[in-house]
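Visitor: Here is my input, please return the structure:
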Amino acid sequence: MILADKIMTLRKQNGWSQEELAEMLGVSRQAISKWESAQSIPDMNRILAMATIFGVTTDYLLRDDQGEVAITEPAAGAEDTLLRTVTMEEATDFLEHRNRSARQVPLGVFLCILSPIVLLFLGAGAEYGRLALSEDQATAIGLVVLLLFVAPAVALFILTGLAGSRFEYLEKEAIDTVYGVSGMVKERRERFRPVYQTQLIIGIILCILSCLPLFFAMFFFAEDEFAEALSIPFMLCLIAVGVFLIVRACIIWGGFQILLEEGDYSRVEKSDAKKMAPISGIYWSLVTAIFLGYSFFTNHWDRSWIIWPVAGVAYGVIYGIMRAMKRKG
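Guide: Got it, this is the predicted structure:
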């Protein structure tokens, strides 16, 4: 029996359709059809994967002189050994998507950080009698502007997420790239490296220097509380620009790491991330609720942003502790 007949026989004995087998192997139904009609031959990766899920040896699949064998159950965790092949076209499309995301997502973050600026300015002006508005009027106008900033930001996040949904498997599953993809990605990464380093450094420096307007106001206008209040919007502007550059650089750089399965996207990290996903979802939902609740009830938008970096550091600590416990176990 030739390989094509063996694939068809084993598939039918397991009661799987061509679509179901294709999904398990990360290929198209047409590919399965071509293999079973001997129009093409699967690569070694796919043969190894089929041997695992069919519960047979690769020897049986590859040697025409092998007769019938008893079909055993697929090995436990077999699905984890399957690698999804990424073609050059898919890799190029993914990198283009990351480039678009690097314009949309940072802009959304930029708008979110800037959203309370008008609220802070009008609130300070009304509180210290510099504007012909009551505090309630200032708050109402500020909240309207805040929502006008946040709404398009959320739209950008949603559109980017929808456009990238077809590439989610790259971040979650073990992948195998066809010949040439790895070299292309590494070449692009090296071309982008100077830009990445520059934007990252400038972004971090701007975030560090964002406190300067507040210190300047405290030093030169120590008796003027209105001047100190106005320094907060300037501080947020510096933070917004800094975070914009950091997020933009990291999105593009992350795209290279995803395709090369390096850094946070190595196969070990992907496996750990799957186990952390439920905890991560609950954690960041709670952080968001705390941020919004504290900000709206206290109206301290000038302070509440600190929740995010603190939450990020805390999440890193929690993640590290859980990984250490898992390895000891």
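Visitor: So, low pLDDT: which residues of the stretch 151-300 of the chain?
Guide: Filtered on pLDDT under 70, the stretch 151-300 of the chain yields the residue ranges 222, 271-277.
Visitor: Do a quick rundown of the strands in it.
Guide: Along the stretch 151-300 of the chain, counting by DSSP state E, counting those that start in this stretch, strands occupy 175-177.
Visitor: residue ranges of the helices in it, please?
Guide: Remark: helices assigned in the stretch 151-300 of the chain by DSSP state H, counting those that start in this stretch are 168-172, 181-209, 212-220, 225-260, 267-298.
Visitor: which helices and strands does the fourth one pack with?
Guide: Packing contacts for helix 225-260, counted by 3 or more Cβ pairs under 8 Å, 6 or more residues apart in numbering; DSSP states H and E, involve helix 88-114, helix 117-127, helix 168-172, helix 181-209, helix 212-220, helix 301-304. All C-beta atoms are positioned from the backbone trio N, CA, C, and that covers glycine.
Visitor: deepest of the ones you listed, which one?
Guide: Counting by mean count of other Cβ atoms under 10 Å, helix 117-127 has the highest mean neighbour count of the helices and strands packed on helix 225-260, with a mean of 20.
Visitor: Now tabulate the helices of the stretch 151-300 of the chain in TSV and tack on distance to L3.
Guide: Below are the helices of the stretch 151-300 of the chain laid out as TSV (distance: least, Cβ to Cβ, whole Å):
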stretch	distance to L3
helix 168-172	27
helix 181-209	26
helix 212-220	69
helix 225-260	30
helix 267-298	28
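Visitor: how about the helices and strands packed on helix 225-260 in CSV, adding distance to I232?
Guide: CSV is the format used below for those (distance: least, Cβ to Cβ, whole Å):
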stretch, distance to I232
helix 88-114, 12
helix 117-127, 5
helix 168-172, 36
helix 181-209, 15
helix 212-220, 7
helix 301-304, 4
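Visitor: Need the contact partners of stretch 211-229.
Guide: 120, 123-125, 127-128, 130, 230-232, 234-235, 238 (Cβ atoms under 8 Å, 6 or more residues apart in numbering).
Visitor: got the residues you listed as TSV, with distance to A249 columns?
Guide: Below are those laid out as TSV (distance: Cβ to Cβ, whole Å):
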residue	distance to A249
L120	28
G123	34
A124	33
G125	36
E127	38
Y128	39
R130	39
L230	30
S231	28
I232	26
F234	24
M235	22
L238	17
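Visitor: from the residues you listed, which is closest to R166?
Guide: Of all these, L238 has the smallest distance to R166: 36.5 Å, by Cβ to Cβ.
Visitor: List just the nearest of the contacts of stretch 211-229 to A314.
Guide: M235 (23.0 Å).
Visitor: Do I have it right that that closest one meets S210?
Guide: Yes: between M235 and S210 a contact is recorded at 4.9 Å, counting by Cβ atoms under 8 Å.
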